[in-house]
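1. have a look at this prediction, sequence included:
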Amino acid sequence: MLPKIFKPYKSVKKNLIRIGPNTDGGYIIDKRVIKKIKTLISCGLNDDWEFEKEFLKINSNCKILTYDHTVNKKFWKNRFKKDLISFFLLKKLSLRKILDIFKYIDYINFFKKGNKHYIKKVVLKSKNKKEISIKNILKNKKNILLKIDIEGDEYKILEPIKKNFKEIYLLIIEFHNIHKNISKIKKFMMKSKLKLIHIHGNNYLGINKNKDPNVIEMTMLNSEKFKLSKNKSKFKYPINNLDYVNFKRRNDIELRFND
């Protein structure tokens, strides 16, 4: 079972909406933040910017800044080879698979003008030009939606996020290997003004021996900017018609909490 602190605060269901696809890459946010956001910062990009794309359609005045050192020329070269092989070897391809072949074109079209992708690794303290600290990423930014999916490195940057919370209106963060890092997550949650309003178990990497997900997705709202209930949620997680499986070949993970 997950610790009691992992149970979200009570939210009005109509305030919770999903941005992005009904699969991996879609996240739950509080719709009250949408029009207030001036900068959407994504740490971790890979080949999925559907969340950013959909958010921009709702708030066209928002600036999109993304950071991922792995999405470079070598990444796209390898990606294109795999997509071509799939195209020629498989007789039946879904529309999404066909469109994936042109993903690089979509990337070029999306990350132009005000939208930026920086090929830099997000770290606590940068040591060279290929890295950037989370402190510098947040510096001089206002009304931020911060989204983090950096495959385990999230634990290294929790402290500066906590210290620089004032302009972070909403935080979306994926925690990996949670059974090894429960204490770090709990410490962050207890001492942060960013309060949990939604949680989802990412089923892509399955469950641990306690039947808890190895990866969880959390949405946290700035309690100094938005009114938040003092009571805990009574929703069952995943929430029907709001949460969807990340990996369609496995069932979603039902979350259980200690009382």
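-> Structure's in. What do you need?

2. now for the nearest residue to residue 11 once chain neighbours are set aside, how many residues are close by?
-> For residue 11, ignoring the flanking residues on the chain, the nearest one in space by C-beta to C-beta, 6 or more residues apart in numbering is residue 197 at 5.1 Å. Any C-beta I mention is one placed from the backbone N, CA and C, and that applies to glycine too. Residue 197 has 24 neighbours, counted by other C-beta atoms under 10 Å.

3. where does this protein have low pLDDT?
-> Along the chain, the model assigns pLDDT under 70 to residues 87, 89-100.

4. phi, psi of the residue nearest to residue 11?
-> phi -120, psi -10 (degrees, to the nearest 10).

5. look up how far residue 178 lies from it.
-> Counting by C-beta to C-beta, to the nearest Å, the gap from residue 197 to residue 178 is 18 Å.

6. touching the helix or strand in which residue 105 is found from outside, list them.
-> For residue 105, the element it lies in under DSSP states H and E is helix 103-110. Outside of helix 103-110, the residues within contact range by C-beta atoms under 8 Å, 6 or more residues apart in numbering are 47, 49, 52-53, 76, 79-80, 83, 99, 117.

7. report the buried members of the residues you listed.
-> Among the contacts of helix 103-110, the ones that count as buried by 16 or more other C-beta atoms under 10 Å are 49, 52, 79, 83, 117.

8. ok, which stretches of the stretch 101-250 of the chain are strands?
-> Residue ranges of the strands in the stretch 101-250 of the chain, as given by DSSP state E, counting those that start in this stretch, are 116-118, 121-123, 131-133, 144-148, 168-176, 194-207, 213-222.

9. helices or strands next to the first one in the packing?
-> In this structure, strand 116-118 makes packing contacts with strand 63-67, judged by 3 or more C-beta pairs under 8 Å, 6 or more residues apart in numbering; DSSP states H and E.

10. list phi and psi for residue 80.
-> In this entry, residue 80 is assigned phi and psi values of phi -60, psi -40 (degrees, to the nearest 10).
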